[in-house]
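Peer 1: Sequence and computational prediction follow.
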Amino acid sequence: MENYIPWIAFNVFILFMLALDLGVFHRKTHVVTFRESILWTVVWVTLALIFNAGIYLWKGPEIAIEFLTGYLIEKSLSVYNVFVFLLIFSHFRVPALYQHKVLFWGILGALIMRACMITVGAALITQFHWVIYIFGVFLVFTGLKMLLAEEKHQDLERHPVLRGLRKLSPSRRTITKIVFSFA
């Protein structure tokens, strides 16, 4: 149990910061300015560096360097995600007023889904060791499919989820309102 205490504390801290972000600092929907986004980036990077210093003091330099390396890789990958978010926001014409809230709930949903998938996968592997071969075949198959696939333009207008939403309401503006009602 002693090994789980830091993980529990870390996750409670992250959940607290996310609740603070949405519940206090962004309670009222507003357009996030460039200055505000830079300020929040500095806050989050500073918290990560403080956490890294704690790892250095607690576990030593090797583990701290591993964390910092992983953090920098994830940070650089998140810059790529910003461009993906911009494409999605522009395609669906998400007003700047709602972008923070939609992004927040989308990321939170992705984190929850990732945690569920990891938990279920770990439980399956623990119970049924042979399932790891199925996961491996699936990853190889997916990788080969991606490698051999021709690059083609994805037509989001024909996506099955969007077509289903359009059956509920043919207007793009109404679909946007439906999406924002959940956010």
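Peer 2: Yep, it's here.

Peer 1: and residue 95, backbone torsions?
Peer 2: Main-chain dihedrals, residue 95, degrees, to the nearest 10: phi -60, psi 140.

Peer 1: How are the helices of this protein distributed by residue range?
Peer 2: Remark: helices assigned in the chain by DSSP state H are 5-20, 34-59, 61-91, 96-127, 131-148, 160-168, 172-182.

Peer 1: nearest to residue 26, of those helices?
Peer 2: When those are compared by CB to CB, helix 96-127 sits nearest residue 26, at 5.7 Å. The way it works is simple: take the backbone N, C-alpha and C, and place the C-beta from them, glycine included.

Peer 1: Give me the distance from stretch 128-147 to the chain's centre.
Peer 2: How far stretch 128-147 lies from its chain's middle: 23 Å, per CA atoms, centre = their mean, to the nearest Å.

Peer 1: can I get the helices of the chain in a markdown table with mean neighbour count and distance to residue 28?
Peer 2: Shown next, in a markdown table, are those (neighbours: other CB atoms under 10 Å; distance: least, CB to CB, whole Å):
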| stretch | mean neighbour count | distance to residue 28 |
| --- | --- | --- |
| helix 5-20 | 11 | 15 |
| helix 34-59 | 12 | 13 |
| helix 61-91 | 12 | 20 |
| helix 96-127 | 13 | 10 |
| helix 131-148 | 10 | 42 |
| helix 160-168 | 11 | 28 |
| helix 172-182 | 13 | 15 |
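
Peer 1: Need these in CSV (columns: mean pLDDT).
Peer 2: What follows is the helices of the chain, written out as CSV (pLDDT from 0 to 100):
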stretch, mean pLDDT
helix 5-20, 85
helix 34-59, 91
helix 61-91, 86
helix 96-127, 86
helix 131-148, 89
helix 160-168, 71
helix 172-182, 53
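
Peer 1: could those helices be laid out in JSON lines, adding distance to residue 27?
Peer 2: JSON lines is the format used below for these (distance: least, CB to CB, whole Å):
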{"stretch": "helix 5-20", "distance to residue 27": "10"}
{"stretch": "helix 34-59", "distance to residue 27": "14"}
{"stretch": "helix 61-91", "distance to residue 27": "21"}
{"stretch": "helix 96-127", "distance to residue 27": "10"}
{"stretch": "helix 131-148", "distance to residue 27": "41"}
{"stretch": "helix 160-168", "distance to residue 27": "28"}
{"stretch": "helix 172-182", "distance to residue 27": "16"}
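
Peer 1: give the contact list for the residue nearest the centre of the chain.
Peer 2: Centroid check for the chain by CA atoms, centre = their mean gives residue 107 as the closest residue, at 3.8 Å. Contacts for residue 107 (CB atoms under 8 Å, 6 or more residues apart in numbering) come out as none.

Peer 1: Against residue 78, how distant is it?
Peer 2: Distance, residue 107 to residue 78, by CB to CB, to the nearest Å: 10 Å.

Peer 1: quick one: common contacting residues for the two?
Peer 2: Common contact partners of residue 107 and residue 78 (CB under 8 Å, 6+ apart): none.
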